[in-house]
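Trainee: Predicted structure and sequence below. I'll ask about it afterward.
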Amino acid sequence: DIPDLRYRQQNEPACAIRPGDSGCIICAYNDYRGVDSPVGDSWQGVSQSCDAGDTWRSRLAPGHPSDIGVDLIPAEFAADPRLAAIPGMAIFNFIAGYRDSNVGVLAIQHWLEVNKEDADHYEPGHTTWFADTGTEGRFLDKPDMLAVLDRNPGIITLETVMENEELGTITRDFPTGTLYVAYAAFTGSSESPSIKVLVKTSDDWGRTWKNQALKLSEDQNEVSGISLTAVGDKVLAVWRRKGDNNDPDSILYSVITNGGKKAAKGEVIADICAFDQPTLTGSETDFNVVTFRTNDFPWTANDGKNFYVFYSDRERDPSDPITGACLTDENGNPDGKPRIVMHHSTLSGPANWTNYGPIDQTVTPDTFQFMPTAFGANGKVQVAWYDTRRDPSDPFGLPFVADYDAIINPELGGFLVNRTVDVFTTSITMTGGGPDVKPPVRASQFSIVVGEKDGTRIEKETEASFANKKLFAQGKASFLGDYIAMAAR
C-alpha cells in the first residue's frame with residue numbers, strides 16, 4: 001500500500017457504520033497522497049476504525065494506476081465517494097476518469113467484513129464493477145448511492161475473490177435488496193448542452209446492472225448534486241437546477257417506485273437564492289480576494305416516516321423571509337448571507353412540501369451557512385453544515401467567504417484576512433406540532449492552550465479550519481470539496 005507520509009489533503013468524505021456494531025466505521029474520501037506517488041493524481045482513500053473513531057487506519061482503494069495484483073480501473077484519478085453498509089459488506093461507489101477527457105467510469109467495489117486479528121474490519125475484493133461508463137461525448141458526475149433492503153429479505157449468495165491473497169475467495173450470503181445509483185450525465189456541446197439526471201438499479205448489490213437507466217430529468221441548464229433517501233419502497237431523489245434567463249435556480253425532486261422501474265417527472269420543491277461561490281486565487285481583483293469554490297447542492301434524509309430536504313438559501317426580503325425576493329446588490333446579484341433551510345413532507349400520498357425556512361434561530365447576522373449534510377436514524381434526523389459565526393466579520397462585507405492577501409491601502413493600512421469555518425449540527429424530530437429543531441451545537445473541535453493572565457484563566461485555540469488556504473493547484477487555489485457527510489444507525 002501507499003502510506004500517507006506527508007499527510008496530504010483529504011476532502012469530500014462519505015462514511016458508513018457497520019450494521020450490528022456502531023463502533024466500527026468505514027469512511028472514504030478524495031485522497032491526494034497519490035499526487036506524490038506513482039499514482040500521479042488524487043485517488044480514493046479509505047479509513048477504518050473499530051473503536052468508535054478513537055484510532056484509524058488508512059489506505060488507498062484498489063485499482064489505481066500503480067496498483068499490483070488487482071483489476072486496474074481505466075482511469076488516472078478518482079473522486080466523489082459514496083458508501084453504504086449492509087450486513088456482511090460495505091458497498092463503495094465513486095467516479096474515476098481522466099483529467100483531459102470525459103472518458104470515465106461509475107465504479108462499484110465490495111469491501112467484505114472480515115474477522116481476522118489485527119486486520120481492517122473491511123477488506124476489498126479483487127474486482128471493481130462499473131455501473132456506467134463515460135465517453136468522449138458523455139461525462140458522468142456527482143453520484144449518490146442508496147442500498148435498500150427488501151422488506152422481507154431473502155438470501156443472495158455472492159462469491160468474492162479478495163485483494164488479500166491470504167483471504168482467498170469468500171463465498172457469503174447477503175440479504176436481498178436493491179442498490180440505487182443516481183448521477184448526472186453531460187452530453188452535447190458547450191453551446192447546446194444536455195444534462196440528464198439518471199438512476200440505475202442492481203439486484204446483486206452492484207455486480208450487474210439493468211441496461212436501461214431511469215431518466216428523472218433532462219435539461220439544458222446545469223443540474224447536479226443529486227441526493228437519495230428511502231422510506232419503504234419509495235425513494236426520494238432531489239437535485240439542483242442552476243438558473244438562466246429562462247429558468248430560476250431551483251431544487252427539484254422525483255419519487256422513484258417499483259424497485260427503480262418507475263419515477264415521477266421531476267418537479268420543483270422551491271426556487272432558491274443560491275449561494276454559489278467561485279474559485280478566486282487573488283489575481284482577479286484589485287483587493288487580492290481569495291475564495292474556495294462551492295455550489296449550492298441539496299441533501300435529503302428521512303426519519304422513517306417523513307422526508308426532509310436541506311440546502312443553503314441566501315437571505316430574503318425581511319418582510320417575507322421564507323419566500324420573499326432575494327436580497328441583491330446594486331447590480332442585481334444576490335448578496336444576502338446564506339442560511340440552512342428545510343422543507344419536509346410525508347410521501348404516504350402526493351408530496352406536500354412544507355417550507356420550514358431557516359432552521360437556526362441563534363445565528364448571528366454576518367454568518368455564512370453552507371454545504372449541509374443530513375442522515376436519519378431512530379426517528380430523528382441529524383443535519384450539519386459549515387458555519388462562520390465564530391469568524392471575525394469580513395471588513396468589506398463581500399457576499400462570499402473571502403480572504404484578502406496582504407491588502408495595501410493608504411486609508412485602511414496593510415492587513416491580511418484569513419476566514420475560518422466550523423461545522424455546526426442540530427437534530428430534528430417530528431412532533432404533532434411540526435418539526436422540533438434543537439439549538440445547534442458546534443461539532444468541530446480544535447486543540448487549545450491554557451494559561452493565566454492577571455489571575456484569570458485563559459484558553460486559546462491553537463488550530464482552525466482556514467477555508468481559503470491555498471492547498472491545491474500547486475499552492476495557487478483553495479478547495480473545501482463539494483460536500484461533507486454524516487452517518488448514523
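Mentor: Received it, and whenever you're ready, just let me know what you need.
Trainee: Is Ile91 within a helix or a strand, and which one?
Mentor: Following DSSP states H and E, the helix or strand that holds Ile91 is strand 89-97.
Trainee: could I get that strand in PDB with only the CA atoms?
Mentor: Extracted C-alpha coordinates of strand 89-97, given in PDB (Å, rounded to 0.1, in the frame of the first residue of the first chain):
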ATOM      1  CA  MET A  89     -20.400  -5.900   3.400                       C
ATOM      2  CA  ALA A  90     -19.700  -2.200   2.700                       C
ATOM      3  CA  ILE A  91     -20.500  -1.000  -0.900                       C
ATOM      4  CA  PHE A  92     -18.200   1.700  -2.300                       C
ATOM      5  CA  ASN A  93     -19.200   3.900  -5.200                       C
ATOM      6  CA  PHE A  94     -17.100   6.600  -6.900                       C
ATOM      7  CA  ILE A  95     -16.200   8.100 -10.300                       C
ATOM      8  CA  ALA A  96     -12.900   7.600 -12.000                       C
ATOM      9  CA  GLY A  97     -11.500   9.100 -15.200                       C
END
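Trainee: and it, which strands flank it?
Mentor: Here strand 89-97 has these sheet partners by DSSP bridges: strand 77-86 (antiparallel), strand 104-113 (antiparallel).
Trainee: Am I right that Gly259 is in a helix?
Mentor: Yes. Per DSSP: H, G, I helix; E, B strand; the rest coil, Gly259 lies within a helix segment.
Trainee: how about stretch 21-31 as CSV, C-alpha atoms only?
Mentor: Taking C-alpha atoms only, stretch 21-31 is exported to CSV below (Å, rounded to 0.1, in the frame of the first residue of the first chain):
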residue,chain,number,x,y,z
ASP,A,21,-21.6,-2.8,15.6
SER,A,22,-21.8,1.0,15.9
GLY,A,23,-18.1,1.2,17.0
CYS,A,24,-16.9,0.1,13.5
ILE,A,25,-16.9,2.9,10.9
ILE,A,26,-15.6,3.0,7.4
CYS,A,27,-15.0,6.3,5.5
ALA,A,28,-13.9,7.1,2.0
TYR,A,29,-12.7,10.5,0.6
ASN,A,30,-10.7,12.2,-2.1
ASP,A,31,-7.1,11.5,-1.1
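Trainee: that older thread, how about the strands paired with strand 89-97 in CSV, adding distance to Phe130?
Mentor: (Each C-beta comes from the backbone N, C-alpha and C, glycine too.) Conversion of those to CSV gives the following (distance: least, CB to CB, whole Å):
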stretch, distance to Phe130
strand 77-86, 13
strand 104-113, 5
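Trainee: Any chance of a markdown table for these, columns mean neighbour count and distance to Asn93?
Mentor: Compiled in a markdown table, the strands paired with strand 89-97 are given as follows (neighbours: other CB atoms under 10 Å; distance: least, CB to CB, whole Å):
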| stretch | mean neighbour count | distance to Asn93 |
| --- | --- | --- |
| strand 77-86 | 24 | 4 |
| strand 104-113 | 24 | 6 |
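Trainee: Helices of this structure, residue ranges please.
Mentor: Counting by DSSP state H, no segments of the chain form helices.
Trainee: low-scoring pLDDT stretches of it, where are they?
Mentor: Counting by pLDDT under 70, the low-confidence segments of the chain come to 116-119, 285-287, 405-415.
Trainee: Quick one: the strands in the stretch 351-489 of the chain, in order.
Mentor: 354-358, 369-377, 380-387, 403-407, 415-417, 422-431, 434-437, 441-442, 448-453, 456-461 (DSSP state E, counting those that start in this stretch).
Trainee: nearest to Ala485, of these?
Mentor: Taking CB to CB, strand 369-377 is the member of the strands of the stretch 351-489 of the chain nearest to Ala485, at 5.3 Å.
Trainee: That closest one: partners in the sheet, and parallel or antiparallel?
Mentor: By DSSP bridges, strand 369-377 pairs with strand 380-387 (antiparallel).
Trainee: Surely Val289 touches Pro395?
Mentor: No. Judged on CB atoms under 8 Å, Val289 makes no contact with Pro395 at a distance of 12.0 Å.
Trainee: Compare the two and say which one has the larger neighbour count.
Mentor: Using other CB atoms under 10 Å as the criterion, Val289 and Pro395 rank with Val289 on top: 22 against 11.
Trainee: Nearest to Leu198, out of the strands of the stretch 351-489 of the chain?
Mentor: Nearest to Leu198, of those and by CB to CB, is strand 369-377 at 22.5 Å.
Trainee: mind saving the C-alpha coords of the closest one as PDB?
Mentor: Provided in PDB are the C-alpha atoms of strand 369-377 (Å, rounded to 0.1, in the frame of the first residue of the first chain):
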ATOM      1  CA  GLN A 369     -24.000  28.800   6.500                       C
ATOM      2  CA  PHE A 370     -23.500  26.400   3.600                       C
ATOM      3  CA  MET A 371     -22.900  22.800   2.400                       C
ATOM      4  CA  PRO A 372     -25.500  20.900   4.500                       C
ATOM      5  CA  THR A 373     -25.500  17.200   5.000                       C
ATOM      6  CA  ALA A 374     -28.000  15.000   6.900                       C
ATOM      7  CA  PHE A 375     -28.800  11.500   8.000                       C
ATOM      8  CA  GLY A 376     -31.800   9.900   9.700                       C
ATOM      9  CA  ALA A 377     -32.000   7.100  12.200                       C
END
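Trainee: quick check: angle from it to strand 354-358?
Mentor: Relative orientation of strand 369-377 and strand 354-358, computed by axes from the mean of the first three to the mean of the last three CA atoms, to 10 degrees: 130 degrees.
Trainee: Relative to the whole chain's centre, how far out is strand 369-377?
Mentor: Distance, stretch centre to chain centre, for strand 369-377: 9 Å (CA atoms, centre = their mean, to the nearest Å).
Trainee: need the contact list for Gly243.
Mentor: 221, 249-250, 274 (CB atoms under 8 Å, 6 or more residues apart in numbering).
Trainee: Inside strands: which ones of the residues you listed?
Mentor: Mapping these onto strands (DSSP state E) picks out Ser250.
Trainee: quick one: which of the contacts of Gly243 is most hemmed in?
Mentor: That'd be Ala274 among the contacts of Gly243, by other CB under 10 Å, with 22 neighbours.
Trainee: mind checking the end-to-end distance for stretch 401-418?
Mentor: 10 Å (CA to CA, to the nearest Å).
Trainee: same thing with stretch 216-223?
Mentor: This stretch, stretch 216-223, spans 11 Å end to end (CA to CA).
Trainee: any residues touching it, and which ones?
Mentor: Identification of contacts with stretch 216-223 by CB under 8 Å, 6+ apart yields 182, 184, 192-199, 237, 239-244, 247, 252, 254, 256, 263, 266.
Trainee: which of those residues are buried?
Mentor: 182, 184, 195-199, 237, 239-242, 252, 254, 256, 263, 266 (16 or more other CB atoms under 10 Å).
Trainee: sorry, back to before: same list, the contacts of Gly243, but as TSV with distance to Asn115 please.
Mentor: Listed next are the contacts of Gly243 as TSV, based on distance: CB to CB, whole Å:
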residue	distance to Asn115
Asn221	50
Asp249	50
Ser250	48
Ala274	48
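Trainee: closest to Asn30 among the contacts of Gly243?
Mentor: When these are compared for distance to Asn30 (CB to CB), Ala274 comes out closest, at 23.7 Å.
Trainee: residue contacts, that closest one?
Mentor: When contacts are counted by CB under 8 Å, 6+ apart, Ala274 touches 240, 242-243, 249, 296, 312-314, 334.
Trainee: do Gln382 as well
Mentor: 374-376, 425-428, 486, 488.
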